[in-house]
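Chemist: Here is my input; please provide its structure:
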Amino acid sequence: MILEQITVGGCKSYLLGCEQTRAAIVIDPELSQVDTYRGLAIQHGLRVHYIVDTHTHADHFSGSRQLAAALGARVVMHALSPAPYPDMRLEDGETLIAGSLKLKALHTPGHTRDSMCLVMDDKVFTGDTLLIGGTGRTDLPTGDPHALHESLFDKLLRLDPALLVYPAHDYKGRSHSTLGAEIAENPRLQVKARDAFVEMMQHLDLAAPTHLTEALRTNMSGGKTIAELLSDAAAKVPFMSLSEVNDRIGSNSRDLVVLDIREKDAFESGHIEGARNVPRGQLELRVNTELPDPTVRILTCCEFGKISTLAAATLRELGYTRAAAMDGGMKAWREAGYAVTDAT
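Modeler: Got it, this is the predicted structure:
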């Protein structure tokens with residue numbers, strides 16, 4: 001069997017391949033690594049049939065949908081996943097087969113309601129149910145320490161102790177462990193009594209994941225991340241450098257409308273000479289009045305260069321085909337030493 005472990009920060013994902021049929025399965029893909037999985041599949045001559053998320057991730061963005069679309073594969077999650085996009089939903093005890101690869105779903109709620117482990121002959125991919133030297137936390141949405149205790153002590157830890165453990169996270173550079181080693185050495189698994197285990201999990205006092213709200217929103221709904229929205233917008237518009245903008249304003253400003261989309265107070269505190277102010281939130285409502293000529297050349301700018309990219313893409317969708325965005329925002333403009341004009 002081909003096994004590739006991909007690590008990004010503390011997140012771990014896996015590419016499994018059947019050497020006889022070249023069928024493959026990807027487990028817990030991370031959005032930023034979609035091209036990595038594609039490259040590894042090509043390198044090994046594999047065709048990915050299934051992409052599995054072991055649970056609804058709260059600390060990173062799943063790449064399942066994007067990878068499935070790129071490879072023509074099917075997204076697989078547990079039956080209790082709230083996400084609307086899985087092509088297949090596994091129940092406890094069901095097996096996913098691709099060539100000689102056979103992964104049995106073991107429903108292990110606790111970290112999340114839809115958590116599952118994937119068991120093979122000599123391996124178990126534990127998601128965030130069991131980590132090396134730890135367990136998944138239970139204080140995030142749908143987490144339940146009572147359920148985690150049952151999943152661990154009544155199900156997962158009763159499997160063959162020789163099974164190799166491959167978790168979805170590890171922050172100390174370790175690639176895998178064994179069930180036997182975790183049973184013997186994992187500090188949290190030494191607290192076997194249910195009440196004591198629950199008490200321990202309820203008082204871990206862990207910091208919330210960095211992108212908790214956005215990760216849950218996108219992973220549960222199939223919506224886009226902010227980075228994806230910005231990337232999509234950036235692919236639709238051209239950009240103009242700060243130096244080019246500086247060369248074109250003033251005497252040449254008649255052939256270029258600089259549209260500052262910051263709020264009024266920010267605009268009045270300092271803006272590019274000759275710029276017009278239309279806050280982003282009012283753009284669609286005021287565009288016909290402010291920009292009656294759809295053939296005019298428009299340059300959008302904002303404080304950091306991100307919202308202006310979205311605005312330029314919106315203007316192009318509205319028919320202003322010569323809209324572009326300033327490469328950088330007013331912060332970069334000021335730091336470069338270019339002149340600004342205030343309301344006075």
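Chemist: any low-confidence regions in the stretch 101-250 of the chain?
Modeler: Within the stretch 101-250 of the chain, the segments meeting pLDDT under 70 span 250.
Chemist: try 50 this time
Modeler: Scanning the stretch 101-250 of the chain for pLDDT under 50 picks out no residues.
Chemist: Please enumerate the strands of it.
Modeler: Along the stretch 101-250 of the chain, counting by DSSP state E, counting those that start in this stretch, strands occupy 101-107, 116-119, 123-127, 130-131, 134-135, 164-167, 177-178, 239-240.
Chemist: mind listing what T295 touches?
Modeler: By Cβ atoms under 8 Å, 6 or more residues apart in numbering, the residues touching T295 are 321-322. From N, CA and C alone the C-beta is placed, and that goes for glycine too.
Chemist: Now render the strands of the stretch 101-250 of the chain as a markdown table, adding mean neighbour count and distance to Y14.
Modeler: Compiled in a markdown table, those are given as follows (neighbours: other Cβ atoms under 10 Å; distance: least, Cβ to Cβ, whole Å):
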| stretch | mean neighbour count | distance to Y14 |
| --- | --- | --- |
| strand 101-107 | 21 | 11 |
| strand 116-119 | 26 | 9 |
| strand 123-127 | 26 | 6 |
| strand 130-131 | 27 | 15 |
| strand 134-135 | 23 | 19 |
| strand 164-167 | 23 | 6 |
| strand 177-178 | 20 | 15 |
| strand 239-240 | 18 | 38 |
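Chemist: mind checking which of the ones you listed is nearest L291?
Modeler: strand 239-240 (17.3 Å; Cβ to Cβ).
Chemist: Note down every partner strand of that closest one and its orientation.
Modeler: strand 323-326 (parallel) (DSSP bridges).
Chemist: Next secondary structure after the strand it pairs with?
Modeler: Once strand 323-326 ends, the next helix or strand along the chain (criterion: DSSP states H and E) is helix 330-335.
Chemist: The most centrally placed residue in the chain - nearest residue in space that isn't next to it in sequence?
Modeler: Among the residues of the chain, the one closest to the centroid is F61, at 1.8 Å (Cα atoms, centre = their mean). Nearest non-adjacent residue to F61, counting by Cβ to Cβ, 6 or more residues apart in numbering: L31, 4.0 Å away.
Chemist: The one you found - how many residues pack around it?
Modeler: 21 (other Cβ atoms under 10 Å).
Chemist: The one 4 residues further on too?
Modeler: The number of residues packed around D35, counting by other Cβ under 10 Å, is 11.
Chemist: got it, and M201?
Modeler: M201, neighbours per other Cβ under 10 Å, totals 22.
Chemist: Kindly report the same for H78.
Modeler: Around H78 there are 27 residues (other Cβ under 10 Å).
Chemist: and it, what are its phi and psi?
Modeler: Main-chain dihedrals, H78, degrees, to the nearest 10: phi -70, psi 160.
Chemist: same deal with the one 4 residues further on?
Modeler: Reported as degrees, to the nearest 10, the phi and psi values for P82 are phi -80, psi -10.
Chemist: How much space separates the nearest residue to it once chain neighbours are set aside from D128?
Modeler: Nearest residue to P82, sequence neighbours excluded (Cβ to Cβ, 6+ apart): M220, at 5.0 Å. For M220, the distance to D128 equals 16 Å [Cβ to Cβ, to the nearest Å].
Chemist: Same question for T7.
Modeler: 15 Å.
Chemist: neighbour count winner among these two?
Modeler: Each of T7 and D128 has its neighbours counted (other Cβ under 10 Å); D128 has more, 28 against 14.
Chemist: ok, now which ones touch that one?
Modeler: 54-55, 111-112, 115, 136-137, 167-169.
Chemist: same question, A215
Modeler: 57-61, 209.
Chemist: export those to CSV and tack on secondary structure?
Modeler: Converted to CSV, these look like this (DSSP: H, G, I helix; E, B strand; the rest coil):
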residue, secondary structure
H57, coil
A58, coil
D59, coil
H60, coil
F61, coil
P209, coil
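Chemist: now, which of these sits nearest A312?
Modeler: Checking those against A312 with Cβ to Cβ, the nearest one is F61 at 24.7 Å.
Chemist: Let's see the pLDDT reported for the closest one.
Modeler: For F61, the model assigns a pLDDT of 91.
Chemist: got it, and A275?
Modeler: On the pLDDT scale, A275 is placed at 93.
Chemist: A strand includes G39, no?
Modeler: No. Under three-state DSSP, G39 falls outside any strand and is assigned helix.
Chemist: Around it, count how many other residues there are.
Modeler: Neighbour tally, G39, other Cβ under 10 Å: 11.
Chemist: Could I get the contacting residues of T210?
Modeler: Contact analysis of T210 by Cβ under 8 Å, 6+ apart lists D59.
Chemist: now L310
Modeler: Shown in contact with L310 (Cβ under 8 Å, 6+ apart): 229-230, 233, 280.
Chemist: Quick one: which of the residues you listed is the most crowded by neighbours?
Modeler: Greatest neighbour count in these, by other Cβ under 10 Å, goes to A233: 21 neighbours.
Chemist: Is it correct that that one is in contact with T309?
Modeler: Yes. Counting by Cβ atoms under 8 Å, A233 touches T309, with 4.9 Å between them.
Chemist: Give me the number of neighbouring residues for A24.
Modeler: Neighbour count for A24, taken as other Cβ under 10 Å: 27.
Chemist: is it true that it lies in a helix?
Modeler: No. Assigned with three-state DSSP, A24 falls outside any helix and is strand.
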